[in-house]
Structures are given as structure tokens and as C-alpha cells.
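**Student:** Next input, structure requested:
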Amino acid sequence: MSMKRSRSKGNDMRKQRLLTGIAGILMAFLFTGCNTSSVEEWVDEVVEDINGQIPDNTLLPVESVSEEKYVYGQLTEEEQLVYDEMLDAILNHREEVTVATLDKDVLAKMYEAIMADYGGLFWVDGYSYTEYSRAGVLTGLKFAPKYTMDEAARQEIQAAIDEKVDVLLGGISSEDSDYQKARFIFDTLVRTVNYDLNAENNQNIISVFLEGRTVCQGYACATKYLMDLLDIPCTIVTGTANGEPHAWNLIELDGAYYYMDTTWGNPTSNSPDDFGDVAEVVDYCFFTATTEELFQTHSPNVNFSLPECNCLDDSYFVQENCYFKDWYPEDIGALFTELDSHPVQMKFEDEAVYGQAQQFFIEEGHIGDYYTGDSSLFYMKNETMRVLTFLKK
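**Tutor:** You can find the predicted model right below:
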């Protein structure tokens, strides 16, 4: 038996474009991978001063369907109305609608809120808006979603996604706990969807369910989409990870909040290409992580508040009995007997026990006292989270 240490690498992102109009100016926001990174502007006349009322200035009555959504619940009543109008337009494939605000910044905030609360809006990619004025006074604002396909194509793709998702969710029992359901989703997306910068439709769930390859935004949207179907509260969070644009999720399990980064759970996005059978590894450091753990590498950049995630009850390491508060080498060593069937991850509560485990099992080679197979072993260290991962070559 021999031992080899891994190295880590960062996550790359891919560019996409979002269009929006501002009072006669169309602005193109260049997206790098998962979140805004730079802005380019060009001027194009949308509408001049109008001597009269805004055409078809009727506010359509809309029904709110988002009362249980995380971000929606943080909005004022006035903001919720605009959110409802914009979402109704997207869901019903309307070309444009008048909204109950004259503030273009409210549109931007509500669009971000909708994209955080809904993961399955694969047919829309940004929006434009038109401001109407009379004698220099703003009189109306219209919102126009930017669709990437017509409604017939949308319905066809939705049917194909539904078929794939029905099969995927067939592996979940109604008797499963929140933890079991969430872990199944995490495991399934990590194991079956490749991280691929060149994937088409990688900013939405088409890339995940129909193409099997995506980037962080696709993973986050798919996680949100599936959690919604299982009635597990979930939100999409955008920001940076290791200084690069990124997206991940906030989930609620058994009444407590946790962070889930499905992208970083995938070995092809966060591990070296030549590291043994790395495709077998699911990195549970980023499943049900606390705020303290995740924010060592991740920084959110959102217009809504996030809870303090500090519960460990549904941590993978707690649930799977591989979280160690004290130095019990026999208990820790017993995990190595499982290496022939799957990789082994273990987490330590403090630096002292983490250091003891490294010295005893790796530096002094006592892992051989517990793993008696003939295979070479590799290991990975996540020092910030105090996690050791072992697997066979």
C-alpha cells in the first residue's frame, strides 16, 4: 500500500449576456460563469418623450404564487406586487407588461429575487424595460422578459425535463427524511452531471437534465428545482468563491438552515484531473455547510438577507458518524475498513484532533493498521474545514 497527496485547483466560469433597458439606454451585462463581473453600455433609442399616457397602461391583475419563497418573504408589499407582475409575465410568456413602479432599480431587485426563488425558468435570460414620460415627467414603466425560445419550444423542453426528473426522483421514498432527500439530490447531481465550461445552456437546468454537463449556475438552479419538488425550502445564492463569480444554495432541513454548494461537491470542478479515481469522490464538505465553514471561501453578493447557519444536526459528518470531537484512533481507524467499497471522509471539531489524525494515520503510516488491502491510497486535505478524504487508486 502506498499513499499520495492530492492538490486542489480553482473553479472556472463561462461568460453569458443579460440585456436590460434604462430610459432610452440598453445596457448589456456580461456574465462570467455565474454572476456579474463587468458592464458594457451602448445607446439605442427606446422611446422619446410621449405627449400622452403610456400605451395600454393597464395593470393586469395577478395572483401571488410565491408566498413560501425565501426572498419573496423579505419584500415589502409594494415590491411583492412588482415581483408578482414580473413573474406572471415570465410564466405566461408575455411580451411585456406594465408594472406598479416607476423605479428601474426596483425592477432589477425584483428580477434578482425571482431568479433566487425559482430555478426552473430556463426560457428567460434577462429583460429589457421601457420608461414612458410626458413633458419630462415619468408616467409609466414596462417590463419585457428576454426569451431564448418561443412558447412551443419551451413546452417541448419542459416535457423532456419532466420525464428525466421523474426518473431521477424515483430513487426517493416519501418516507425519507429531509436529510436523506437532500443528500440524494446532492449525490445524484454530483455523480451524474459533469462540470464543463463549454456546456451549452450552462446557466439553466437544460444543461443539467438534458445534457448532463453544466457550471455552477446550472448546478444551483437544478438543486433549487429539485428541492422545490421535494418541498424542501431552497434558495439560489450568488457571489464569489475564491474570488471568482459563483452560485450555490441555501437550504432548510428540519427547521435549520445550511449551505449547499453542489458544484464544489463535484470532483471534476474542484479536484485535480489526475487524482486517482476522483470521479468516485463526493466532497461532503460542501453539503449542509455552516456559515463559518462556507464563508472561508465564499462571499455572497445579494440584495436579501441570509440567516446564520450554525446547526450541525444534518451535517453529513454528524449523520454518518464520521465527525470526531476527541482523539479516538480506534473509532477513526474503523472507517478505513470501508475503503474497498467507497471513499472515506472524516471531519474533526478542532485543529488539535485534526493534527493528531494527520500525524498518526498519514505521517506515521498507521492507516496500514486498519486498511489491509493491496491498493494504493490517495488522500486529500481540506485544512480550513479540518476534513481528510481517503480513496483507493
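**Student:** mean confidence score for the biggest helix by length in the chain?
**Tutor:** With residue count as the measure and DSSP state H as the assignment, the chain has helix 151-168 as its longest helix. Mean pLDDT, computed over helix 151-168, is 98.
**Student:** So what's the gap between that helix and the chain middle?
**Tutor:** Distance of helix 151-168 from its chain centroid, counting by Cα atoms, centre = their mean, to the nearest Å, is 21 Å.
**Student:** what does that helix rub up against?
**Tutor:** Residues outside helix 151-168 that contact it (Cβ atoms under 8 Å, 6 or more residues apart in numbering): 93, 120, 122-123, 147, 149, 188, 205-206, 209-210, 225-226, 229. (Each C-beta comes from the backbone N, C-alpha and C, glycine too.)
**Student:** Please pick the buried ones from those.
**Tutor:** Among these, those classed as buried by 16 or more other Cβ atoms under 10 Å are 93, 120, 122-123, 147, 149, 188, 205-206, 209, 225-226.
**Student:** which stretches of the stretch 101-250 of the chain form helices?
**Tutor:** Ranges of helices within the stretch 101-250 of the chain are 104-117, 151-168, 178-192, 205-209, 216-229, based on DSSP state H, counting those that start in this stretch.
**Student:** So for residue 387, which of these sits nearest?
**Tutor:** Nearest of the helices of the stretch 101-250 of the chain to residue 387, taken as Cβ to Cβ: helix 178-192 at 15.7 Å.
**Student:** thinking again about what came up before, Serialize the contacts of helix 151-168 to TSV and add fields for distance to residue 307.
**Tutor:** Shown next, in TSV, are the contacts of helix 151-168 (distance: Cβ to Cβ, whole Å):
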residue	distance to residue 307
93	34
120	24
122	28
123	31
147	34
149	36
188	26
205	25
206	31
209	29
210	33
225	22
226	21
229	23
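**Student:** then the longest helix of the chain to PDB, C-alphas only?
**Tutor:** The C-alpha coordinates for helix 151-168 follow below in PDB (Å, rounded to 0.1, in the frame of the first residue of the first chain):
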ATOM      1  CA  GLU A 151     -43.600  29.100 -26.100                       C
ATOM      2  CA  ALA A 152     -43.900  25.900 -28.100                       C
ATOM      3  CA  ALA A 153     -40.200  25.100 -27.800                       C
ATOM      4  CA  ARG A 154     -40.400  25.900 -24.100                       C
ATOM      5  CA  GLN A 155     -43.300  23.400 -23.600                       C
ATOM      6  CA  GLU A 156     -41.400  20.700 -25.500                       C
ATOM      7  CA  ILE A 157     -38.200  21.100 -23.500                       C
ATOM      8  CA  GLN A 158     -40.200  21.200 -20.200                       C
ATOM      9  CA  ALA A 159     -41.800  17.900 -21.100                       C
ATOM     10  CA  ALA A 160     -38.400  16.400 -21.700                       C
ATOM     11  CA  ILE A 161     -37.100  17.700 -18.400                       C
ATOM     12  CA  ASP A 162     -40.200  16.400 -16.600                       C
ATOM     13  CA  GLU A 163     -39.500  12.900 -18.000                       C
ATOM     14  CA  LYS A 164     -35.900  13.000 -16.800                       C
ATOM     15  CA  VAL A 165     -36.700  14.400 -13.400                       C
ATOM     16  CA  ASP A 166     -39.500  11.800 -12.800                       C
ATOM     17  CA  VAL A 167     -36.900   9.000 -13.300                       C
ATOM     18  CA  LEU A 168     -34.400  10.800 -11.100                       C
END
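**Student:** buried residues in it?
**Tutor:** Counting neighbours by 16+ other Cβ under 10 Å, helix 151-168 gives 154, 157, 161, 165, 168 as buried.
**Student:** could you give the angle of that helix to helix 216-229?
**Tutor:** 70 degrees (axes from the mean of the first three to the mean of the last three Cα atoms, to 10 degrees).
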